[in-house]
Each structure stands twice: as C-alpha cells, then as structure tokens.
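Student: Here's a sequence, model it:
(one chain, ligands or ions: 1)
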Amino acid sequence: MSNQAKLELDGKTYNLPVVSGTEDEKAVDVSALRATTGYITLDEGYGNTGACQSKITFIDGEKGILRYRGIPIEELADKSSFIESAYLIIYGHLPTSAELNTFSDLLTSNQNLHEDMKYHFESFPSSSHPMAILSAMINAASCYYPDLMQGDRGHFDEHAARLISQVRTIAAFSYRKSVGKPIIYPKNNYKFTANFLHMLFSDPYDDYEIKPEVARALDLIFLLHADHEQNCSTSTVRMVASSQANMYASCSAGVCALWGPLHGGANQAVVEMLKEIHASGDDGSKFITAAKDKTSGKKLMGFGHRVYKNHDPRAKIIKKACDEVLVALKIDDPLLNIAIKLEEAALKDSYFVERKLYPNVDFYSGIIMRALSIPVEMFTVLFAIGRMPGWIANYKEIADDPKGRICRPRQVYVGQPLNAYVPISKRK
Ligand SMILES: CC(C)(COP(=O)(O)OP(=O)(O)OC[C@H]1O[C@@H](n2cnc3c(N)ncnc32)[C@H](O)[C@@H]1OP(=O)(O)O)[C@@H](O)C(=O)NCCC(=O)NCCS
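Tutor: Residues are numbered from 1 along each chain as shown. Next up is the predicted model:
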C-alpha cells in the first residue's frame with residue numbers, strides 16, 4: 001500500500017500524503033494542496049471528502065457495519081441501554097457502575113428546565129412543528145448559563161448531561177403545548193426513557209402506565225440513532241462548534257439540519273408515504289413506479305443512503321423490534337403490510353438493485369413509533385433526542401482539539417466576471 005499519492009498538474013508532479021484509519025480506510029491528505037499547487041478540490045455534496053479524523057463511530061457502508069467506539073451496533077442493541085451507550089459515545093469507554101451512576105444522577109439533577117423557560121413555550125403558535133420549538137428552546141436554554149455566555153468551554157460534563165436530559169423535557173413540553181395539554185414535569189424515580197413517556201402521556205390527575213416493552217422499544221430507537229459519524233446534522237454541529245460557538249448553539253443547529261426530509265425528517269415522510277399509499281388503495285406497485293420516475297417528484301422514502309450501499313444494520317434491528325412490538329401490543333397495522341410489500345418489491349426491482357438502494361433506519365422506525373402512540377410530528381424529535389450524545393461527542397472532539405481550525409470550505413466561483421455598478425436611472 002502506497003503512503004503517497006502522485007498528482008500531475010500543469011506538467012509538475014506533486015506527492016500527497018495518504019492517511020489510513022484504524023480499519024484501513026484510506027484518504028489522500030489534500031490539506032497543503034492549495035498552498036503548493038494553487039488548486040482546490042471540488043466535491044459537491046462531500047461524497048468523497050473526509051472532513052475530520054474522528055474516534056467516535058465507524059461505518060463500513062459496503063459491508064453494512066456500524067460500531068460505536070469499536071462496539072458493533074448489534075451487540076449494543078442487544079445488551080446496552082441508550083444512556084450507557086450515550087456515555088460510551090461521549091467518553092470513549094463503557095462506564096463502570098460508579099461512572100454510570102454518577103452520569104445518571106447528573107442527568108436526573110439536570111432534567112428540569114429553568115422555570116422561566118415555560119414562558120417561552122407560551123409564545124409559539126399551537127401549529128408550530130416541534131422541531132422548530134426544539135431548536136429554538138435548546139438555544140434559549142444556553143441563556144441561563146452565564147459561563148457559556150462568556151465563552152467558557154468548561155463544565156463540559158454538566159452541560160452535556162443537561163442537554164441530553166433537557167432535550168427530552170423540551171420535546172415533551174412542546175408536544176403537550178401542541179395538543180393544548182398541561183406540561184408534565186419529569187419524575188426523579190423514572191429512568192430516562194420511561195420519564196419521557198411519562199412527560200408525554202401522563203395527566204396531572206392520572207399517571208400513564210409505562211409498559212416495559214414500550215419503554216424498551218423506545219430506548220432501542222434512541223440507542224440506534226445515537227451517532228452516525230459525519231452525517232448532515234453532525235457535520236453541521238462540528239461546523240458551528242469550530243467557530244467556538246457553545247455546545248447549545250452547536251446542537252441547536254444540528255436539530256435544524258436534522259429536520260429536513262432527506263435526513264431525520266425521513267421517518268415522518270415514510271409514514272406519510274405509507275398513509276398516502278394506503279388511502280389510494282395502491283398495493284405499493286404504483287408508488288414504486290412513481291419513485292423510479294424522476295419527473296414524479298416522489299422518492300421511496302426510507303430507502304437509500306449516502307454511505308450504506310448494503311443493508312443499513314440499524315434497519316435490520318428495527319424491523320425485528322417492530323415485529324416484536326406489534327405482537328406484544330396486539331396491533332395489526334395495515335401500514336406495516338404495505339411497508340413489507342414495498343420492501344420486497346424494491347429489493348427485486350432492477351432500479352433499486354443497480355443503485356444499491358436498501359431500506360434505511362427510517363423505513364420501519366416510524367411504524368414502531370406509531371405503535372407506541374407517538375404522534376407523527378414527534379418522530380424527528382425522537383431522532384434528535386437519540387442523536388444528542390453523538391452531537392455532543394463530536395462537539396467535544398472539536399472543542400478538545402488544540403490544533404482545531406474553523407471549518408471554512410472554499411468554492412469555485414462561476415458567477416459574473418468583473419462587472420461595473422450601473423446607476424438606477426441607466427438600468428434597462
Ligand atoms: C438518503 C439519500 C438522501 C441519499 O442521497 P444520495 O447519496 O445523494 O443518493 P443519490 O441521490 O446520489 O442517489 C443515487 C441514485 O438513486 C436514486 N435514489 C436515491 N434514493 C432514492 C429513493 N429513496 N427513491 C428513489 N430513487 C432514489 C437517485 O435518484 C439517484 O438516481 P440516478 O443515479 O438515476 O440519478 C437518498 O437516498 C434519499 O433521498 N432517500 C430517501 C430519503 C431518506 O430515506 N432519507 C433518510 C436517510 S437515513
């Protein structure tokens with residue numbers, strides 16, 4: 001294996017160093033390219049650009065592998081919890097019992113929003129999308145911590161725990177607000193995911209009964225979403241953090257990036273697509289035809305991935321969990337039958353096969369969330385709750401890097417050449 005790449009430009013040869021990762025992925029280091037050659041690289045959509053070297057998550061999209069800090073997602077899904085995996089992702093190792101207890105206590109002691117934040121919720125219209133509220137409220141939360149306002153990057157553990165814990169409280173409050181119900185405060189004796197269900201579904205006069213299979217399925221959804229290397233929202237978090245913006249501002253930007261239907265918004269879009277197919281009486285075949293037609297404006301939502309050119313390992317785990325939850329809750333969801341038919345048809349269709357389009361994590365996660373009575377507008381919010389540890393771990397890598405530089409891509413300008421200002425009276 002060569003440790004240098006040769007580049008020929010304008011009759012000259014340049015040697016570029018080759019960097020290898022732990023799993024032997026290779027990159028040509030172009031960091032000195034412009035200084036030595038005057039050229040930059042162009043890679044719209046960043047499909048071939050490594051923006052950083054990271055120790056958090058490994059993905060092999062060709063083989064369908066996902067590991068947090070080296071541990072396969074299948075093993076974590078089977079043996080770990082969201083909170084334990086969050087610790088692993090942020091701090092780089094599985095916690096001891098003492099570390100896990102300290103982390104849990106920190107999450108519990110930071111789960112309540114500052115009481116004044118309740119008034120912010122009042123000012124959103126009831127039609128607001130909870131992702132808009134979530135992003136705004138995460139940013140607003142930073143205003144209550146003067147150390148952050150002074151640019152202090154200390155108190156990491158406390159702020160990280162507060163964000164993980166409060167994103168769930170904010171999410172539940174925004175849902176209650178959207179349905180015109182009173183806010184339910186978290187309880188100290190509930191674990192992370194059970195507490196979220198309590199804040200979503202209890203009433204002041206009637207505690208919601210938390211079924212263990214429901215709490216476990218939701219915890220699994222959080223765990224499976226906890227990190228996914230340099231996706232759109234995580235790259236956004238790193239980009240914002242590189243300007244030395246605080247952790248709340250950086251993660252709030254991540255929420256905005258996640259909202260779009262090509263990213264976290266896909267789980268909501270999948271269920272809406274399945275409902276549309278169901279309402280039209282189609283068995284899915286008409287929709288598949290439309291999804292292959294670029295002029296139709298339709299895509300098979302929940303299919304395809306920038307990195308996975310094989311089965312998304314999270315999709316396999318979610319599909320199994322989906323089957324189990326529906327049986328445990330005795331739910332017969334026609335949308336699940338449509339999803340299964342769509343998957344079978346797409347996996348046999350040459351359009352999807354040739355483009356290596358497989359079901360991704362969002363294809364079945366929406367069906368589980370429906371079964372758990374989570375409202376559809378909350379689906380992407382749940383993704384954000386799950387992704388918070390990954391955003392924080394990536395923020396930490398940026399904040400802890402003494403050689404860190406602001407992220408600032410270049411461009412190839414294709415606009416007007418030098419042009420003159422024309423006074424308004426002379427413009428045609
Ligand atoms: C995830 C996604 C944004 C990846 O985008 P990408 O890496 O830029 O993939 P591309 O757009 O280059 O796709 C390659 C080809 O497959 C097609 N394609 C990709 N996803 C498709 C889908 N879900 N349905 C139909 N066609 C799809 C593209 O149109 C393109 O076709 P072409 O080669 O004829 O032009 C894309 O697959 C998508 O939009 N999927 C649906 C949304 C979704 O589920 N997002 C959640 C991701 S976890």
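Student: Using CSV, list the CA coordinates for stretch 214-223.
Tutor: Output of stretch 214-223 as CSV, limited to C-alpha atoms (Å, rounded to 0.1, in the frame of the first residue of the first chain):
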residue,chain,number,x,y,z
VAL,A,214,-42.9,0.2,25.1
ALA,A,215,-40.1,1.7,27.1
ARG,A,216,-37.6,-0.8,25.8
ALA,A,217,-38.6,-0.3,22.2
LEU,A,218,-38.2,3.5,22.5
ASP,A,219,-34.9,3.1,24.3
LEU,A,220,-33.7,1.0,21.4
ILE,A,221,-34.8,3.6,18.9
PHE,A,222,-32.8,6.2,20.9
LEU,A,223,-29.8,3.9,21.1
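Student: outside of that stretch, which residues touch it?
Tutor: 76-77, 80-82, 85, 191-194, 196-197, 317-318, 321, 324-325, 329, 365, 368-369, 371-372, 374, 382, 385-386 (Cβ atoms under 8 Å, 6 or more residues apart in numbering). Using the backbone N, CA and C atoms, a C-beta is placed for each residue, glycine as well.
Student: Tell me how far T96 lies from the ligand.
Tutor: Look at T96 and the ligand: by Cβ to the nearest ligand atom, to the nearest Å, they are 34 Å apart.
Student: Any idea how many residues pack against that residue?
Tutor: Residues lying near T96 (other Cβ atoms under 10 Å) number 9.
Student: and if you look at the one 3 residues further on?
Tutor: Neighbour count of E99, defined by other Cβ under 10 Å: 14.
Student: how's this protein carved up into domains?
Tutor: According to automatic domain parsing, the chain comprises the domains 4-65, 69-263+377-399, 266-371.
Student: Is it possible to get a markdown table of those that adds mean pLDDT and distance to I406?
Tutor: What follows is the domains of the chain, written out as a markdown table (pLDDT from 0 to 100; distance: least, Cβ to Cβ, whole Å):
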| stretch | mean pLDDT | distance to I406 |
| --- | --- | --- |
| domain 4-65 | 96 | 13 |
| domain 69-263+377-399 | 94 | 5 |
| domain 266-371 | 91 | 25 |
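Student: To V422, which of these lies closest?
Tutor: domain 4-65 (32.0 Å; Cβ to Cβ).
Student: Surely C322 and L335 touch.
Tutor: No - judged on Cβ atoms under 8 Å, C322 makes no contact with L335 at a distance of 10.8 Å.
Student: all strands of the stretch 1-150 of the chain, in order?
Tutor: Here the stretch 1-150 of the chain has its strands, by DSSP state E, counting those that start in this stretch, at 4-9, 12-20, 26-28, 57-60, 65-68, 71-72.
Student: now, of the ones you listed, which is deepest in the fold?
Tutor: strand 65-68 (a mean of 22; mean count of other Cβ atoms under 10 Å).
Student: Mind listing the strands that one pairs with, and their directions?
Tutor: In the sheet, strand 65-68 lines up against strand 57-60 (antiparallel), strand 71-72 (antiparallel) (DSSP bridges).
Student: The ones you listed: which one's closest to the ligand?
Tutor: The ligand lies closest, by Cβ to the nearest ligand atom, to one member of these: strand 57-60, at 11.8 Å.
Student: does that closest one come close to the ligand?
Tutor: No - using Cβ under 6 Å from any ligand atom, strand 57-60 stays clear of the ligand, with a minimum separation of 11.8 Å.
Student: what's the burial count for whichever residue of the stretch 1-150 of the chain sits closest to the ligand?
Tutor: Among the residues of the stretch 1-150 of the chain, G45 lies closest to the ligand, at 6.0 Å counting by Cβ to the nearest ligand atom. Per other Cβ under 10 Å, the neighbour tally for G45 reads 7.
Student: just G297 next, same as before
Tutor: The tally of other residues near G297 (other Cβ under 10 Å) stands at 8.
Student: what do you get for S296?
Tutor: Neighbour number of S296 under other Cβ under 10 Å is 11.
Student: A helix includes it, no?
Tutor: No - under DSSP: H, G, I helix; E, B strand; the rest coil, S296 sits outside any helix and is assigned coil.
Student: And the residue of this structure that's closest to the ligand?
Tutor: For the chain, Cβ to the nearest ligand atom, closest residue to the ligand: G304, 2.3 Å.
Student: which parts of this structure sit against the ligand?
Tutor: Within the chain, the positions adjacent to the ligand are 45, 262, 266, 291, 299-306, 355, 357, 360-362 by Cβ under 6 Å from any ligand atom.
Student: of those residues, buried ones?
Tutor: Buried by 16 or more other Cβ atoms under 10 Å: 266, 291, 299-305, 357, 360-362, out of the residues of the chain next to the ligand.
Student: Neighbours of E344, how many?
Tutor: Neighbour number of E344 under other Cβ under 10 Å is 11.
Student: Check for me that it belongs to a helix.
Tutor: Yes - counting by three-state DSSP, E344 is part of a helix.
Student: mind listing what it touches?
Tutor: So E344 contacts nothing (Cβ under 8 Å, 6+ apart).
Student: now what about stretch 252-268, what contacts it?
Tutor: Counting by Cβ under 8 Å, 6+ apart, 129, 131-132, 134-136, 138-139, 231-237, 239-240, 269, 301-302, 360, 362, 365-366, 369, 376-377, 379-380, 382-384, 387, 391 sit against stretch 252-268.
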